[in-house]
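*Asks:* sequence and predicted structure are below.
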Amino acid sequence: MTKFDEATQAIRVDETTYDVCLDPGYSIGGPLNGGYLMAVVLRAAVDAAPFDHPVSTASQFLKAPAPGPAQVRVEPLKAGRTAAFARATLLQDGVPHIESLITTATLGDAEPDYADGPSHPMPAPEECVQLPAPKAETNMTLSAQMDLRFDPPTLGWLNGRPTGRPESRAYFRMAEPQDPDPYVLALAVDALPPVVFSAGARGWAPTVDLTWHLRALPAPGWLTLIGSGRLVRDGWFDEEVEVWDSAGRLVAQSRQLARVGRG
């Protein structure tokens, strides 16, 4: 079992309740990363489901949970021959922090009837760059769990030269050797710095609502993350992320609504 598997494991208490322990190693200056939290919720929801894979997850982030003990409560809604639906709630001290609607199914390896390509070309991984290591006092522990290699133009905000467009692109893999799976993808769709940084904003950008779809089971190797936004207005922004695997297949898609941070 990898460290990520341990950090996201859910222990069944009864038919609808799972004990979890939220790991401080997935912090962004204090709050825990939303993709990590979704992976925790999905461990419980898939264990309680009749199918193997979380093909659609829609999560609302009501309150930021603290590292430490928590529970996931799963409420089955309906199960058919090819898909099942459930509501999953992450609670801490009895208070709901995340509400998710989750659809599970079992994906095969059929060839697509139609497949588009990435929305933006990427340079080779060796031509991409890593972010500087964060200072210890910032409590940015998430970065130590991942290996991200960024397309250089999308890092201009680091040096005060943002492109003016909400965008972020990078190669992604876990810092500890681990082949990507649906739970790693849940982390990956929320792993990029907020795309609004490239539009000139700074500061923590809390996710309010995030929906993502598992489109295929990923091949081993690097994942490619392509993030973009369409509108920044009134303190809100949207972010869409495409995730492509090492075989060139679209394996996940996400869209989130978030608040613009204050630098």
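*Replies:* Okay, I see it.

*Asks:* which residues of the stretch 1-150 of the chain fall in strands?
*Replies:* Assigned by DSSP state E, counting those that start in this stretch, the strands in the stretch 1-150 of the chain fall at 11-12, 17-22, 53-61, 68-79, 84-92, 95-105, 146-150.

*Asks:* same list, those, but as TSV with distance to residue 191 please.
*Replies:* Backbone N, C-alpha and C define where each C-beta goes, glycine included. Converted to TSV, those look like this (distance: least, CB to CB, whole Å):
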stretch	distance to residue 191
strand 11-12	26
strand 17-22	17
strand 53-61	15
strand 68-79	21
strand 84-92	19
strand 95-105	18
strand 146-150	6
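
*Asks:* name the helix or strand for residue 221, please.
*Replies:* Following DSSP states H and E, one finds residue 221 outside all helices and strands.

*Asks:* which one is it nearest to, not counting chain neighbours?
*Replies:* residue 246 (3.1 Å; CB to CB, 6 or more residues apart in numbering).

*Asks:* show the model's pLDDT score for the one you found.
*Replies:* Per-residue pLDDT puts residue 246 at 97.

*Asks:* who are the contact partners of it?
*Replies:* Counting by CB atoms under 8 Å, 6 or more residues apart in numbering, residue 246 makes contact with 218, 219, 220, 221, 222, 223.

*Asks:* format the strands of the stretch 1-150 of the chain as JSON lines; extra columns: distance to residue 202 and mean pLDDT.
*Replies:* Formatted as JSON lines, the strands of the stretch 1-150 of the chain follow (distance: least, CB to CB, whole Å; pLDDT from 0 to 100):
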{"stretch": "strand 11-12", "distance to residue 202": "39", "mean pLDDT": "98"}
{"stretch": "strand 17-22", "distance to residue 202": "26", "mean pLDDT": "98"}
{"stretch": "strand 53-61", "distance to residue 202": "20", "mean pLDDT": "98"}
{"stretch": "strand 68-79", "distance to residue 202": "29", "mean pLDDT": "98"}
{"stretch": "strand 84-92", "distance to residue 202": "28", "mean pLDDT": "98"}
{"stretch": "strand 95-105", "distance to residue 202": "26", "mean pLDDT": "98"}
{"stretch": "strand 146-150", "distance to residue 202": "17", "mean pLDDT": "96"}
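
*Asks:* closest one to residue 251 among those?
*Replies:* strand 53-61 (11.3 Å; CB to CB).

*Asks:* buried residues in the closest one?
*Replies:* Residues of strand 53-61 classed as buried by neighbour count (16 or more other CB atoms under 10 Å): 53, 54, 55, 57, 59, 60, 61.

*Asks:* kindly report the same for stretch 139-152.
*Replies:* Neighbour-count burial for stretch 139-152 flags 140, 141, 142, 143, 145, 146, 147, 148, 149, 150, 151 (criterion: 16+ other CB under 10 Å).

*Asks:* ok, stretch 153-168 next?
*Replies:* Within stretch 153-168, the residues that count as buried by 16+ other CB under 10 Å are 154, 155, 157, 162, 166, 167, 168.

*Asks:* stretch 211-226 now?
*Replies:* Buried residues in stretch 211-226, defined by neighbour count with 16+ other CB under 10 Å: 211-218, 222-226.

*Asks:* closest one of the residues you listed to residue 67?
*Replies:* Minimum distance to residue 67 across the buried residues of stretch 211-226 is 23.0 Å, recorded for residue 212 (CB to CB).

*Asks:* the closest one against residue 242, yeah?
*Replies:* No. If you go by CB atoms under 8 Å, residue 212 and residue 242 don't touch, sitting 10.8 Å apart.

*Asks:* overlap in contacts, these two.
*Replies:* Common contacts of residue 212 and residue 242, defined by CB under 8 Å, 6+ apart, comprise 252, 253.

*Asks:* how much space separates the most far-flung residue of the chain relative to its centre from residue 106?
*Replies:* Within the chain, the residue lying farthest from the chain centre (CA atoms, centre = their mean) is residue 81, at 28.0 Å. For residue 81, the distance to residue 106 equals 11 Å [CB to CB, to the nearest Å].
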